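>>> take this sequence and fold it.
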Amino acid sequence: MKAKRVWGLVLAAAMCMAVAGCGQEEAETATTEPQYQVIGTEAEGAYDILLKNSIGQDVTGISVKTSDEEAYPANMLASDAVLKNGETAEWFYMPEEAGETEGVGEKDIALNVVYQVQITLADGTVYELSSLGMDDIDQNVELCLEDDVVFAKYTSKASGDTVSTKEQEVASKAQKDAESQEEVASEPAPVEEVQQEAPAQPAQQSAPAASEPQQAPVEQIPEQTTEGCLTEGGGPAFN
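You can find the predicted model right below:
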């Protein structure tokens, strides 16, 4: 009887240890799953993409628009949030309901819609992905920076191949630079400002000429008359 009791206690202890071990393993599995920063809002029909920053510096702004829109909407990152270099975030984006749609399960994908993504870096530099095929991304997207362009690398959902948009972004940048140069060349040359001449100074009035010294009046000597007769000495003769 004692032996049976001992074996019963041993089996019970073994079962408890096994159950505890399973629970610990499940807990470890749950805690080791990666926890990503969330960008956007999780909702039915939204794209769910794992976005990795391999640009070389932190990302402070992400904004998405269609090619038909003129301006980018508000930043999808919170005001105090950044996607640090080397980190991955879970990015939710609700597609625009535009163009023809094709039912894919519970999600309708908008066809013929080109998405453009504006990326702002920590140093204030702004880059643009001119075209990102959201509906063709398998799940993971990596942002890279080379040759002064930001481009995306991902696995195509349709073909299974690795896609890089670098050549496309380089061509888009070259086109934009050419258009900017044409705009500058077409602008009219600035009109040179005519320098206004200083008003002519009035001619200085010449100093009055020094008055010539007036000659003293010549004393008039009364003329001597020869009336009367002359004496022998030349003087007048008085009667």
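
>>> beta partners of the spatially closest residue to Lys166 that is not a sequence neighbour?
Spatial nearest neighbour of Lys166, chain neighbours left out: Phe151 (4.1 Å); criterion: C-beta to C-beta, 6 or more residues apart in numbering. The way it works is simple: take the backbone N, C-alpha and C, and place the C-beta from them, glycine included. With DSSP bridges as the criterion, Phe151 is bridged to Cys144.

>>> and the host helix or strand of Glu167, what does it pack against?
Secondary structure assigned from DSSP states H and E places Glu167 in helix 166-186. Judged by 3 or more C-beta pairs under 8 Å, 6 or more residues apart in numbering; DSSP states H and E, helix 166-186 is in contact with strand 126-132, strand 149-156.

>>> low-confidence ranges in the chain?
1-32, 97-112, 189, 191-239 (pLDDT under 70).

>>> let's go with 50 and repeat that
Where the chain drops to pLDDT under 50, the residues are 6, 29, 98-110, 225-226, 228-231, 239.

>>> ok, which stretches of it are strands?
With DSSP state E, the ranges of strands along the chain come out as 37-39, 47-54, 59-66, 88-93, 101-104, 107-110, 115-121, 126-132, 137-146, 149-156, 162-164.

>>> how about those strands in TSV, adding mean neighbour count and distance to Ser79?
As requested, the strands of the chain are arranged in TSV below (neighbours: other C-beta atoms under 10 Å; distance: least, C-beta to C-beta, whole Å):
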stretch	mean neighbour count	distance to Ser79
strand 37-39	16	13
strand 47-54	19	18
strand 59-66	19	10
strand 88-93	19	16
strand 101-104	11	34
strand 107-110	16	29
strand 115-121	20	13
strand 126-132	18	17
strand 137-146	17	21
strand 149-156	20	22
strand 162-164	14	32
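
>>> quick check, Ser63 in contact with Tyr115.
No. Ser63 sits out of contact with Tyr115 when judged by C-beta atoms under 8 Å, with a separation of 10.9 Å.

>>> what sits against the residue nearest to Lys166?
129, 143-145, 164-166, 168-169 (C-beta atoms under 8 Å, 6 or more residues apart in numbering).

>>> so which of the helices and strands packed on helix 166-186 is nearest Gln139?
Evaluated over the helices and strands packed on helix 166-186, closeness to Gln139 peaks at strand 149-156, with 7.8 Å, by C-beta to C-beta.

>>> so the closest one versus strand 47-54, what angle?
130 degrees (axes from the mean of the first three to the mean of the last three C-alpha atoms, to 10 degrees).

>>> can you work out which residues contact both of Ser63 and Tyr115?
By C-beta under 8 Å, 6+ apart, no residue touches both Ser63 and Tyr115.

>>> show me the contact partners of the helix holding Glu167.
129-131, 144, 146-151.

>>> who's Thr88 bridged to?
For Thr88, the beta-bridge assignment (DSSP bridges) gives partners Lys52.

>>> does it touch Val59 like I think?
No. Assessed by C-beta under 8 Å, Thr88 is found out of contact with Val59, at 11.7 Å.

>>> can you pull the residues that touch both of the two?
Asn53.

>>> so which residues make contact with stretch 83-101?
34, 36-43, 45-59, 62, 64, 66, 68, 76-77, 108-113, 115, 134-135, 141.

>>> just the C-alpha atoms of it, please, in PDB.
Taking C-alpha atoms only, stretch 83-101 is exported to PDB below (Å, rounded to 0.1, in the frame of the first residue of the first chain):
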ATOM      1  CA  LEU A  83      10.400  55.200 -36.800                       C
ATOM      2  CA  LYS A  84      14.000  54.700 -35.800                       C
ATOM      3  CA  ASN A  85      16.600  53.500 -38.300                       C
ATOM      4  CA  GLY A  86      16.600  49.700 -38.400                       C
ATOM      5  CA  GLU A  87      13.200  49.300 -36.800                       C
ATOM      6  CA  THR A  88      10.100  47.800 -38.200                       C
ATOM      7  CA  ALA A  89       6.500  49.200 -37.700                       C
ATOM      8  CA  GLU A  90       3.100  47.700 -38.500                       C
ATOM      9  CA  TRP A  91       1.600  50.100 -41.000                       C
ATOM     10  CA  PHE A  92      -2.100  50.200 -41.600                       C
ATOM     11  CA  TYR A  93      -3.400  52.200 -44.500                       C
ATOM     12  CA  MET A  94      -7.000  52.400 -45.800                       C
ATOM     13  CA  PRO A  95      -7.100  52.400 -49.600                       C
ATOM     14  CA  GLU A  96      -9.000  55.100 -51.500                       C
ATOM     15  CA  GLU A  97     -12.200  53.900 -53.000                       C
ATOM     16  CA  ALA A  98     -11.500  55.000 -56.600                       C
ATOM     17  CA  GLY A  99     -11.500  53.400 -60.000                       C
ATOM     18  CA  GLU A 100     -12.800  50.000 -60.700                       C
ATOM     19  CA  THR A 101     -12.900  47.500 -57.900                       C
END
